[in-house]
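[1] only geometry, no sequence info:
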């Protein structure tokens, strides 16, 4: 089995001490053991972590890692986005994950007009091919979409706007990814689509994240997780399940694996090592 590329995702810590711990205790460990192609850094709802994202990206760069910021438009003015892009270009950033982003709590959908397609078009219009643009994909359908076809329409428009690649929401059913690739091929969408991988380390947090993201936890998986006698057994079983998932995704032609680390390294390293 040929090992595909690996990338890892962080969320921005709240303060400088926490950022230092992330670099020293997590990013450096991942770099030393599995050498991710890049680390992406998320962007909070409505740009709530804007400064934290920039600072975390800078700290990663200073550590010698390749950093990829997430960016969403939300209600930001186009000039604010362009100013941020200019900062990233000056800092040597070459790739951006472009997203609609989560709505801030209490904001009605009608007030959240700017989406990822709008952002991709804005970046392409003003910066040309300066950045490699990655967008999100949803093999199990975005929770805000009314149908799978509508969701594919949204995805196709992002690609036609100028996206270079995509990272999926996490999932545990490899058939969802296989069918998504098939439907993309029928629409002649041929950008690389990297599956998002969520290691399993805690049942409660997994259920909470999945409910918010619209990611399905198969009944057989949830029942087996609940049956594990202790935390160590849960982690061991979770690693086994995700390794098998990754092996299947690689066999389907996944160009790489993108790990949602939750700012931890242990499970991600165990899974990646098991795939070699």
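    Cool, got the structure. Just so it is clear, the model here is predicted, and its values are computed rather than measured.
[2] What residues sit buried inside stretch 128-141?
    Residues 131, 133, 134, 135, 136, 137, 138, 139, 140, 141 are the ones in stretch 128-141 that count as buried (16 or more other CB atoms under 10 Å). Glycine gets a C-beta too; all of them are placed from N, C-alpha and C.
[3] Which one of those residues is nearest to residue 272?
    Nearest to residue 272 among the buried residues of stretch 128-141 is residue 134, at 20.1 Å by CB to CB.
[4] List the pairing partners of the helix or strand that contains that closest one within its sheet, with orientation.
    Using DSSP states H and E, residue 134 sits in strand 132-137. Strand pairing for strand 132-137, using DSSP bridges, gives strand 95-99 (parallel), strand 165-170 (parallel).
[5] Deepest in the core, which of those strands is it.
    Highest mean neighbour count of the strands paired with strand 132-137: strand 95-99, a mean of 25 (counted as mean count of other CB atoms under 10 Å).
[6] now that strand, how far from the chain's geometric center?
    In terms of CA atoms, centre = their mean, to the nearest Å, the centre of strand 95-99 is found 10 Å from the chain centre.
[7] again, but for stretch 220-230
    That offset, for stretch 220-230, works out to 26 Å (CA atoms, centre = their mean).
[8] One more: stretch 268-276?
    Offset of stretch 268-276 from its chain centre (CA atoms, centre = their mean): 18 Å.
[9] do the same with stretch 32-43
    Using CA atoms, centre = their mean, the offset of stretch 32-43 from its chain centre is 11 Å.
[10] May I see the buried residues of that stretch?
    34, 36, 38, 39, 40, 41, 42, 43.
[11] sorry, back to before: and the contacts of the strand holding residue 134?
    68, 94-100, 116, 120, 123-124, 155, 158-159, 162-169, 180, 193 (CB atoms under 8 Å, 6 or more residues apart in numbering).
[12] Next secondary structure after that strand?
    Downstream of strand 132-137, the next assigned helix or strand under DSSP H and E is helix 148-161.
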